[in-house]
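**Q** Sharing a sequence plus its predicted fold:
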Amino acid sequence: MKKIYTLLSILLLTLLLAACGTDTANENVDPVTPTDNTENVEETTQAEGETESTALPKEELKGTQTESETQNYVITVMDGFELTAEEPNKDLLFNTENDQQSMRIETFSANDATIEDITKNLTDTLQASNDNGTLEEITDQNLIPTNESIENVNAFQIDTPDGKVIGYTFERQGLLVKITIFDTTEAPAIENFIKMAATIQAK
């Protein structure tokens, strides 16, 4: 009988120890809780929203503000270009490294002329540069002088044996502007001329 009691005691003790070990193991296991990413998502979304709504400042054209000697306007002239009086009421802005690339500038008071008149004069000038060429209207906004105060822009171009001739007329705060650009096919300077043309304004 003693052996039976002893065996039963050992068995019960073993079961109790096993049960205690299981409970202890369960107590040591950290409860798994879902990670709350709501706050992080909101912060990320807010940061992205702030980035999208932040407007970059408009970059100003680097150059020298130059007054015309014979006309009532000022223009920002980029490095590598020079403004000179070609004849009365006509200035020439040319590339100092390639004088075949130039921009003729003519300005008029809105009291003395109309945008329609100078545009007609421009198209006649362009067509005269190549009688057999086809005059095309420019619709690409990247090839048109733009500024918050520039209005009534007209833009045309024509191919010639020596390259393109491009012309613009526009109005800015009572000043009518007629631009004629002579550019080369190789290494064209049209983009720089357009940037400078957009800075023309009355003195």
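**A** Done, it's in.
**Q** isn't Arg172 right up against Ala197?
**A** No - using CB atoms under 8 Å, Arg172 is not in contact with Ala197; the gap is 10.4 Å. Backbone N, C-alpha and C define where each C-beta goes, glycine included.
**Q** Walk me through the domains of this protein.
**A** Listed domain ranges for the chain are 2-26+36-53, 64-202 (source: automatic domain parsing).
**Q** and the ones you listed, which one's lowest on average pLDDT?
**A** Sorting these by mean pLDDT places domain 2-26+36-53 lowest, at a mean of 50.
**Q** Let me see the ranges of the helices in the chain.
**A** Secondary structure of the chain (DSSP state H): helices at 2-28, 38-53, 115-128, 190-197.
**Q** who's in contact with the third one?
**A** This points to helix 115-128. 106, 108, 133, 135, 152, 154, 156-158, 165, 167-171, 176, 178, 180 (CB atoms under 8 Å, 6 or more residues apart in numbering).
**Q** Only the buried subset of the residues you listed, as a PyMOL command please.
**A** Selecting only the buried entries of these in PyMOL, with 16 or more other CB atoms under 10 Å as the criterion:
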select buried, resi 106+108+133+135+154+156+157+158+165+167+168+169+170+171+176+178+180
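**Q** Counting only strands, which of the contacts of helix 115-128 make the cut?
**A** Within the contacts of helix 115-128, residues falling in strands by DSSP state E are 106, 108, 152, 154, 156-158, 165, 167-171, 176, 178, 180.
**Q** isn't Thr169 right up against Leu175?
**A** No - with contact defined as CB under 8 Å, Thr169 does not reach Leu175; the gap is 11.4 Å.
**Q** and the nearest residue to Thr146 once chain neighbours are set aside, how many neighbours does it have?
**A** Leaving aside its sequence neighbours, Thr146 sits nearest to Ala198 (CB to CB, 6 or more residues apart in numbering; 6.0 Å). Residues lying near Ala198 (other CB atoms under 10 Å) number 20.
**Q** residues in contact with Ala198?
**A** Contacts of Ala198 by CB under 8 Å, 6+ apart are 61, 145-147, 150.
**Q** are any of those residues buried, and which?
**A** With burial judged by 16+ other CB under 10 Å, the buried subset of the contacts of Ala198 is 145, 150.
**Q** With distance to Glu69 added, can I get the contacts of Ala198 in JSON lines?
**A** Shown next, in JSON lines, are those (distance: CB to CB, whole Å):
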{"residue": "Leu61", "distance to Glu69": "21"}
{"residue": "Pro145", "distance to Glu69": "22"}
{"residue": "Thr146", "distance to Glu69": "27"}
{"residue": "Asn147", "distance to Glu69": "23"}
{"residue": "Ile150", "distance to Glu69": "23"}
